[in-house]
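>>> make a model of this:
(chains A and B)
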Amino acid sequence: MSACGSDDDALTFFFAANPEEADARMRIVNAFQREHPGIRVRTILAGGDPTQQMSTFCAGGKCPDVLMAWEFNYAGLADRGVLLDLNTLLDRDRQFAAALRADSIPALYETFGFNGGQYAFPEQWSGAFLFYNTRIFAEAGVAPPPGRWETPWTFDEFLATAAALTRRSGSGRVTQWGFVDTWSPPYSAALFGMNNGVPWAVPRVNPTHLNFDDDDFLAGIQFYADLAGVHRVAPAAADTQSISTMGLFTAGNAAMALGGHWRYQTFVQADDLEFDVAVLPTGPAAAAKGMAAQSAIGSTGLAIAADSRHREQAWEFLKFAAGPVGQSLIGESGLFVPVLRSAIDTPGFTAAHSGIRNLAVLTGGPAHSEGLPISPDWQKVHALMDRAIGPVLRGKRPAASLKRGLTPQIDEVLATA
Amino acid sequence: MNPTRRRARAGRWFIAPNLAAVAVFMAFPLAFSLYMSFQRWDLFTPPTFVGATNYRDLFTGDPLFGIAVRNTTVFTLGTVVPTVLVSLAVAGLLNRKIKGIGLFRAIAFLPLAVSSVVIAVVWQFVFNTDSGLLNIMLSWFGIAPVPWLTEPHWAMASLCLVSVWKSVPFATVILLAAMQGVPDSLHEAARIDGAGEVRRFVSITVPMIRGAVWFVVVISVINAFQAFDLVYVLTGSSGGPETGTYVLAIMLFQQAFAFLDFGYASALAWVMFAVLLVLTVVQLRLSRRNAVDQ
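Model (predicted):
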């Protein structure tokens, strides 16, 4: 993989991946090149902050032809005219367009629809769920968590399980955590808010309000914060400086880990780690509404740069990777949870996840996902969230402080977006 | 062409490359950023003139600016004062004619040769709450683990500590050079009058190197004000945890490269420049007055 910038005729493809994912990703790229020998693909692996990297490349006139897009960041680029409206290409490729729409899961496809344009095709469902260490559960005699979104467990059951599986040494030092979060804590906190029956954003695309002033949403956030701060069943920030939460789960020092399928390659390649997947718990407000457990519509997609000099080749790449052929390969490789119906419930996908008994968590995930906010000013919202939620997660302030400490500021940013 | 004009012409040719570099890499970016500070520009769409809006928003509508100013002030004071005091002491200790002093000087100057990024990464390990060297050493004295980098106030203290560690060698070099210019006869006379070592240091050495001390203060203030790389690596790109180490340079970076608001970032850069200019002029005047007094 090389840096972008040289003036050759290769199609440049920018993506982010952890090392284990990158290998699988390259298999998909190689499969495309075998099918299209006339198109050479030069990959650019993101380092650090991919949004900043993409912005800098594109502002400097060196925009990669194909870019990985995240639901949180693509709107900012689309709003600035960096990404091509794929409807312009779909309109002239009607057969593919019809097949894609028929096979797509609407919520995922619509994730990349912004201000009337379609700026990316979804490539993977990357919503969050729970991984759990089956050996730890079995040895402790604790019932494994549920494996179907329709039959969720409660916050209380989740807490009791995490508490039962947290082990402390004689000195009080934790040797095994009941729960670790391998995602981003502010986002995970919001996901617990969503699992207490309240959407995060209103409306989802170009939101004018985030529900950080809703009591039920805040109760979900408080529950998440208390896992580390009050109940000590999850590590605080200071506990994960020498070993990451991912490392804790991989090493068998955590019973449950919140994360998405992007962690699967790492966990499946870990020595002596036996794990399965489970659904997230729901809070009392969601239970009162009879709601199923929810994930987030975490989704990444593939976009084409508006000023790409290889638009036709880029279109072929998108059709391959986001279309039936590439999606089947993605499913079989175990790289992602595919986004096309025809590729999810397939023997290949099942075979690639042979150790997973609760496969319905993955295959049913896209249909049980709540939308994450999509705003061109998300970076500013993210900065505000990061600042305000930090004290809540450290146990210095209650989640209720977000009502006045965060909501008006976010609303102001969204109003000017 | 007479020889004077020929020499002048040759001189112009000699300075031309440097002048071109200054024009391209300094004058133009400065002028461009000043122009941009009156525009709204996100890199992708054409800039639009907004007058003094960026400056007005900065001073009236941005709570983060106040936080960044406060943090930068704390960081500057927390860096400059200890740097001057420690480097004075270190330079005083190194300004002796004893065997092996060269080795001690080399050790004292080593941090000067290490990049900020490397320093920050190494100190991250040292500051680790659970297994960092610092907390392990504190535990020998029965002191509970300190959340060096995970609690906002401690994170600022940690940042100052690392910054002092990084700044002391340079300041020591300057002060040591100045100290070596202090005539021995003054010390001899004071010694004959019965002045002890500390008294001689405070009453002779320090006043005699006042100019160098002011220089160190000015340079340290400028460095502290512009601190970025150390903060970025040690506590993250957004000056965390929360806004614990959110200094002006981090705010500038965030506005420019995360929010793509280059006009606003340019305005902030010019405000920083103006503040530094005022501080530097005040310090230079003070140092000149001191020199005259001397």
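>>> switch to C-alpha atoms for all contacts and neighbour counts from now on
Noted.
>>> which residues does whatever residue of chain A ends up closest to chain B contact?
Closest residue of chain A to chain B, C-alpha to the nearest C-alpha: residue A:387 (4.3 Å). Residue A:387 sits next to B:241, B:242, B:243 when contact means C-alpha atoms under 8 Å, 6 or more residues apart in numbering or on different chains.
>>> redo that, cut-off 7 Å
Shown in contact with residue A:387 (C-alpha atoms under 7 Å, 6 or more residues apart in numbering or on different chains): B:242, B:243.
>>> which pLDDT value belongs to it?
At residue A:387, the pLDDT value in this model is 88.
>>> mind telling me what element it is part of?
helix A:378-393 (DSSP states H and E).
>>> okay, buried residues for that helix please.
The neighbour-count check on helix A:378-393 (16 or more other C-alpha atoms under 10 Å in any protein chain shown) flags A:378-381, A:383-393 as buried.
>>> ok, stretch A:223-233 next?
A:223, A:224, A:225, A:226, A:227, A:228, A:229, A:232, A:233.
>>> mark which of these are part of helices, please.
Counting by DSSP state H, the part of the buried residues of stretch A:223-233 found in helices is A:223, A:224, A:225, A:226, A:227, A:228, A:229.
>>> could you dump these to a markdown table with pLDDT and distance to chain B?
Converted to a markdown table, those look like this (pLDDT from 0 to 100; distance: C-alpha to the nearest C-alpha, whole Å):
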| residue | pLDDT | distance to chain B |
| --- | --- | --- |
| A:223 | 98 | 20 |
| A:224 | 97 | 18 |
| A:225 | 97 | 15 |
| A:226 | 97 | 17 |
| A:227 | 97 | 18 |
| A:228 | 95 | 14 |
| A:229 | 93 | 14 |
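>>> just the closest of those to residue A:358, please.
residue A:224 (23.9 Å; C-alpha to C-alpha).
>>> show me which residues of the stretch 101-250 of chain A sit near chain B.
A:237, A:238, A:239, A:241, A:242 (C-alpha under 7 Å from any C-alpha of the partner chain).
>>> residue A:277 sits in which helix or strand?
Counting by DSSP H and E, residue A:277 is part of strand A:275-278.
>>> tell me the buried residues in the helix or strand just after that strand?
The first helix or strand that comes after strand A:275-278 along the chain, using DSSP H and E, is helix A:284-288. By neighbour count on 16+ other C-alpha under 10 Å, the buried set for helix A:284-288 is A:284, A:285, A:286, A:287.
>>> what is the nearest of the residues you listed to residue A:368?
Closest to residue A:368, out of all of the buried residues of helix A:284-288 and judged by C-alpha to C-alpha, is residue A:286, at 13.6 Å.
>>> roughly how far apart are the closest one and residue A:223?
From residue A:286 across to residue A:223, the span is 14 Å (C-alpha to C-alpha, to the nearest Å).
>>> before we move on, what about residue A:211?
16 Å.
>>> show me chain A divided up by domain.
A:11-126+A:297-344, A:128-296+A:374-416 (automatic domain parsing).
>>> okay, those domains in CSV with distance to residue B:273 next?
As requested, the domains of chain A are exported to CSV (distance: least, C-alpha to C-alpha, whole Å):
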stretch, distance to residue B:273
domain A:11-126+A:297-344, 25
domain A:128-296+A:374-416, 25
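>>> pLDDT below threshold where in the chain?
Chain wasn't specified; assuming chain A. A:1-7, A:297, A:417 (pLDDT under 70).
>>> wrong one, chain B
B:1, B:290-294.
>>> mind listing the residues bridging to the nearest residue to residue A:120 once chain neighbours are set aside?
The shortest distance from residue A:120 to any non-neighbouring residue, by C-alpha to C-alpha, 6 or more residues apart in numbering or on different chains, is to residue A:303 (4.3 Å). With beta bridges defined as DSSP bridges, residue A:303 has these partners: residue A:67.
>>> and residue A:303, how many residues sit next to it?
Using other C-alpha atoms under 10 Å in any protein chain shown, residue A:303 has 31 neighbouring residues.
>>> next: residue A:409.
Close neighbours of residue A:409, defined as other C-alpha under 10 Å, add up to 14.
>>> how about the helix or strand hosting it as CSV, C-alpha atoms only?
Here residue A:409 sits within helix A:407-416, counting by DSSP H and E. C-alpha atoms of helix A:407-416 as CSV (Å, rounded to 0.1, in the frame of the first residue of the first chain):
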residue,chain,number,x,y,z
THR,A,407,-28.1,20.3,24.4
PRO,A,408,-28.3,24.1,23.8
GLN,A,409,-24.7,24.1,22.3
ILE,A,410,-25.4,21.3,20.0
ASP,A,411,-28.7,22.8,18.9
GLU,A,412,-26.9,26.0,18.1
VAL,A,413,-24.4,24.2,15.9
LEU,A,414,-27.1,22.2,14.2
ALA,A,415,-29.2,25.4,13.6
THR,A,416,-26.3,27.0,11.7
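>>> quick one: list the elements packing against it.
Here helix A:407-416 touches no other helix or strand, going by 3 or more C-alpha pairs under 7 Å, 6 or more residues apart in numbering or on different chains; DSSP states H and E.
>>> contact partners of that helix?
By C-alpha under 7 Å, 6+ apart, helix A:407-416 touches A:207, A:208, A:209, A:212, A:213, A:381.
>>> and if you look at stretch B:163-171?
Outside stretch B:163-171, the residues within contact range by C-alpha under 7 Å, 6+ apart are B:79, B:82, B:83, B:86, B:87, B:108, B:109, B:111, B:112, B:216.
>>> now, those that are in helices?
Per DSSP H, those map to helices at B:79, B:82, B:83, B:86, B:87, B:108, B:109, B:216.
>>> quick one on the thing from earlier: got TSV for the residues of the stretch 101-250 of chain A next to chain B, with secondary structure and neighbour count too?
Shown next, in TSV, are those (DSSP: H, G, I helix; E, B strand; the rest coil; neighbours: other C-alpha atoms under 10 Å in any protein chain shown):
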residue	secondary structure	neighbour count
A:237	helix	19
A:238	helix	18
A:239	helix	19
A:241	coil	19
A:242	coil	15
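>>> surely residue B:207 forms part of a strand?
No - membership of residue B:207 in a strand is not supported by DSSP: H, G, I helix; E, B strand; the rest coil, which gives helix.
>>> can you give me the helices for the stretch 301-417 of chain A?
For the stretch 301-417 of chain A, the helices defined by DSSP state H, counting those that start in this stretch cover A:311-322, A:324-333, A:341-344, A:347-352, A:359-363, A:378-393, A:402-405, A:407-416.
>>> good, wrapping up.
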